[in-house]
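Peer 1: Sequence and predicted structure below; questions after.
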Amino acid sequence: MYKKLLQTVLTSLITVALLFSCSKEKSTGKDNGQLLLNPGEPLVTDNFTADPSAHVFEGKLYIYPSHDIDTGVADSTDGSHYDMKDYHVYSITDFNSPVTDHGTVLKLEDIPWASKQLWAPDAAYKNGKYYFYFPAKDNDGLFRIGVATSDKPYGPFKPEPKPIEGSFSMDPALFIDDDESAYMYFGGLWGGQLESWLSGNYYPGGLGPKADEPAIGPRVVRMSNDMLGFDGPVKEISLLDEDGKPILAGDRERWFFEGAWVHKYKDTYYLSYSTGPTHLIVYATSDKPEGPFTYRGILLLPVSGWTTHHSTVEYNGQWYLFYHDSTMSEGKSHLRCIKYSPIKHNSDGTLELVK
């Protein structure tokens with residue numbers, strides 16, 4: 001009797017072990033005998049992360065996200081429940097290896113001018129240095145954009161004592177062209193306050209244009225050679241439809257809301273961005289980095305959660321989309337996880353829809 005019971009227990013343990021092995025193999029993705037990080041699965045599971053900006057530095061793929069935490073702030077239309085207080089940096093050598101967490105690289109208390117809300121960041125490399133750009137609210141409750149520097153792509157980063165002069169709103173994204181000219185793209189509506197800056201000065205409670213008027217475009221500005229300030233005026237990017245007419249503020253499936261990102265493929269500049277309340281990532285193209293940009297289509301359909309924010313990067317000959325959703329927190333919009341998916345440039349200049 002005991003012998004039969006022992007055999008039954010051993011058989012059950014072996015079965016469980018085999019099931020666990022198969023489950024583990026499926027979740028990590030076996031392809032031709034190689035361990036892969038699956039598209040559509042969270043890249044980081046021990047922290048909530050969002051707004052991933054991906055870059056290739058020193059032969060590795062580095063990801064600069066925001067770090068979601070739950071501070072108990074009630075949900076609000078101005079986004080105050082997105083109350084992030086520090087940044088981590090992550091890297092991978094390839095999609096066959098684990099993700100490395102380089103730890104906290106910048107904290108709120110280290111930034112003299114910032115009071116709260118370290119939202120979506122980005123990074124760039126020039127002049128032998130790494131630059132980390134981030135938005136935060138100052139002591140007057142206005143979003144400004146700061147910059148911090150490091151000799152390493154994984155930090156830690158030392159912030160400048162003041163925000164970039166002339167900066168406002170949020171979501172800084174850096175693009176360095178083939179001629180080494182550097183541009184910052186930024187801006188976001190509602191919680192990002194962009195509609196309150198239409199006159200050039202901050203006007204609390206700005207409503208923005210009417211539905212039949214041209215939509216607000218993201219901002220672009222050339223960076224100074226030292227990458228610490230603006231070199232010239234901040235400009236609004238014109239977003240046009242296929243007929244060359246401005247996209248209207250009532251066109252919520254094509255208007256700009258937040259999360260502007262630019263990459264270059266061959267001789268074409270691709271501006272991708274979030275449509276906010278319609279939860280799409282769409283894109284437009286131009287032959288100039290400052291536009292105007294013509295709408296081309298949808299890149300990513302709505303994902304779990306309210307916000308959607310992304311980046312695109314080429315790594316080892318393949319282009320990738322990095323984005324976030326709220327699957328890891330079961331739909332809590334301010335507790336997100338970063339993911340990735342391969343993307344494809346079609347011969348007609350369009351981008352293949354990520355499914």
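Peer 2: In hand now; what should we look at?
Peer 1: OK, contacts around the residue lying closest to Asp226 once chain neighbours are set aside?
Peer 2: Distance criterion C-beta to C-beta, 6 or more residues apart in numbering; nearest residue to Asp226, sequence neighbours excluded, is Asn127 at 6.9 Å. Glycine gets a C-beta too; all of them are placed from N, C-alpha and C. Listed by C-beta atoms under 8 Å, 6 or more residues apart in numbering, the contact partners of Asn127 are Asn225, Asp226, Met227.
Peer 1: Let me know the closest of the residues you listed to Pro98.
Peer 2: For those, the residue nearest Pro98 by C-beta to C-beta is Met227; the value is 31.3 Å.
Peer 1: what about the closest one, how many residues close to it?
Peer 2: Using other C-beta atoms under 10 Å, Met227 has 22 neighbouring residues.
Peer 1: same deal with Asp287?
Peer 2: Asp287 has 11 neighbouring residues, counting by other C-beta under 10 Å.
Peer 1: Glu109 looks like it's in a helix, true?
Peer 2: Yes - according to DSSP: H, G, I helix; E, B strand; the rest coil, Glu109 belongs to a helix.
Peer 1: distance of it from Pro159?
Peer 2: According to C-beta to C-beta, to the nearest Å, Glu109 stands 11 Å off from Pro159.
Peer 1: more neighbours, these two?
Peer 2: Per other C-beta under 10 Å, whichever of Glu109 and Pro159 has more neighbours is Pro159, with 20 against 8.
Peer 1: could you list every residue that touches that one?
Peer 2: Leu106, Asp110, Ile111, Pro112, Gly146, Val147, Ala148.
Peer 1: Give me the phi and psi for it.
Peer 2: According to degrees, to the nearest 10, the main-chain angles of Pro159 amount to phi -80, psi 150.
Peer 1: low-scoring stretches of the protein, by residue?
Peer 2: For the chain, the stretches with pLDDT under 70 are 1-36.
Peer 1: Break down it into its helices, ranges please.
Peer 2: For the chain, the helices defined by DSSP state H occupy 2-28.
Peer 1: Where does the record place the domain boundaries for it?
Peer 2: According to automatic domain parsing, the chain comprises the domains 1-36, 42-343.
Peer 1: hey, which of those is tucked in deepest?
Peer 2: Using mean count of other C-beta atoms under 10 Å, the stretch among these with the greatest mean number of neighbours is domain 42-343 (a mean of 18).
Peer 1: so how far is that one from its chain's centroid?
Peer 2: 5 Å (C-alpha atoms, centre = their mean, to the nearest Å).
Peer 1: first to last residue in it, what's the distance?
Peer 2: Start-to-end span of domain 42-343 (C-alpha to C-alpha, to the nearest Å) is 17 Å.
Peer 1: Tell me which stretches of the stretch 101-250 of the chain form strands.
Peer 2: Applying DSSP state E, counting those that start in this stretch to the stretch 101-250 of the chain gives strands spanning 122-126, 129-137, 143-150, 158-159, 173-176, 182-186, 219-222, 235-236, 239-240.
Peer 1: mind listing what the third one pairs with, with the direction of each?
Peer 2: Going back to what we said before, that points to strand 143-150. Strand 143-150 pairs in its sheet with strand 129-137 (antiparallel), strand 158-159 (antiparallel), by DSSP bridges.
Peer 1: among the ones you listed, which is nearest Gly297?
Peer 2: strand 129-137 (28.0 Å).
Peer 1: Would you mind writing the CA trace of the closest one as PDB?
Peer 2: Extracted in PDB, the C-alpha atoms of strand 129-137 (Å, rounded to 0.1, in the frame of the first residue of the first chain):
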ATOM      1  CA  LYS A 129      28.400  62.200 -22.500                       C
ATOM      2  CA  TYR A 130      25.000  60.800 -21.800                       C
ATOM      3  CA  TYR A 131      22.100  63.100 -21.300                       C
ATOM      4  CA  PHE A 132      18.900  62.200 -19.400                       C
ATOM      5  CA  TYR A 133      15.800  64.400 -20.000                       C
ATOM      6  CA  PHE A 134      12.800  64.400 -17.800                       C
ATOM      7  CA  PRO A 135       9.700  66.400 -17.000                       C
ATOM      8  CA  ALA A 136       8.600  67.400 -13.500                       C
ATOM      9  CA  LYS A 137       6.400  70.000 -11.800                       C
END
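Peer 1: Next, the angle from it to strand 122-126.
Peer 2: Using axes from the mean of the first three to the mean of the last three C-alpha atoms, to 10 degrees, one finds that strand 129-137 and strand 122-126 are set 150 degrees apart in direction.
Peer 1: about what we covered before: for Glu314, find the nearest of the strands of the stretch 101-250 of the chain.
Peer 2: strand 173-176 (13.2 Å).
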